[in-house]
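Student: One predicted model, sequence on top.
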Amino acid sequence: MQIFKVILSSLVALGFFGSVAMAEVKIGYVDMEKAIQATKAGQEAKKTLEKEFNKRKKDIEKVEADLKKMNDDLEKKALVLSDDVKLKKQQELQTEMLKYRKLIQDNQIAIQKKQQTLTVPIVKKIQEILAKIAEKENYTMILEKREQGVLWAKQSANLTDQVVKEFNK
């Protein structure tokens, strides 16, 4: 009975894969990161993100400078301060360091949210374009090129430039 199941499974698999093999399979791929960056909307999003990042970077650098000054002052005066005053200043510095770390974390989250807000509509439009291309040119599957995704493919299977051109119309 066990052998019968194995043989039957093998025959079903051969029948399935045989019918798939007879149908024409057409596969393409898109480098989404490159496509997003190459579109006009993607370039505008990048500029917006850079402005936001640079503004936040200046704020962070100011806080860093203040922390460095607090630390330098504490180190310079450490020998002449009483233990109680020194402990209080160290606690103030630690509190400010925690605030600084939270500021950095909050800024990273804000930048990521902003990036997502700006890129989601671009990705959706690219997906719509890909669906039209797949339907029109009879693609069976379109993959996303990633570092560990598509290891090799013919350049003719690369739809990135076509998607960017269609997006920018």
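Tutor: Good, I have the coordinates.
Student: where in this structure is pLDDT low?
Tutor: Within the chain, the stretches with pLDDT under 70 are 1-23, 148, 151.
Student: who's in contact with residue 137?
Tutor: Taking C-beta atoms under 8 Å, 6 or more residues apart in numbering as the contact definition, residue 137 lies against residue 26. (Each C-beta comes from the backbone N, C-alpha and C, glycine too.)
Student: For it, which phi and psi angles does the backbone take?
Tutor: Dihedral angles of residue 137 (phi, psi; degrees, to the nearest 10) stand at phi -100, psi 10.
Student: distance of it from residue 168?
Tutor: With distances taken as C-beta to C-beta, to the nearest Å, residue 137 is found 19 Å from residue 168.
Student: what's the answer for residue 65, then?
Tutor: Residue 65 is 43 Å from residue 168, where distance means C-beta to C-beta.
Student: Can you name the next helix or strand after the helix or strand harbouring residue 122?
Tutor: Applying DSSP states H and E as the criterion places residue 122 in helix 83-137. Scanning forward in sequence from helix 83-137 by DSSP H and E, the next helix or strand is strand 141-144.
Student: Could I get the CA-only coordinates of that following strand as CSV?
Tutor: Only the C-alpha atoms of strand 141-144 are listed here, as CSV (Å, rounded to 0.1, in the frame of the first residue of the first chain):
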residue,chain,number,x,y,z
MET,A,141,5.9,35.8,-12.8
ILE,A,142,7.8,39.0,-12.0
LEU,A,143,10.3,38.8,-9.2
GLU,A,144,11.9,41.5,-7.1
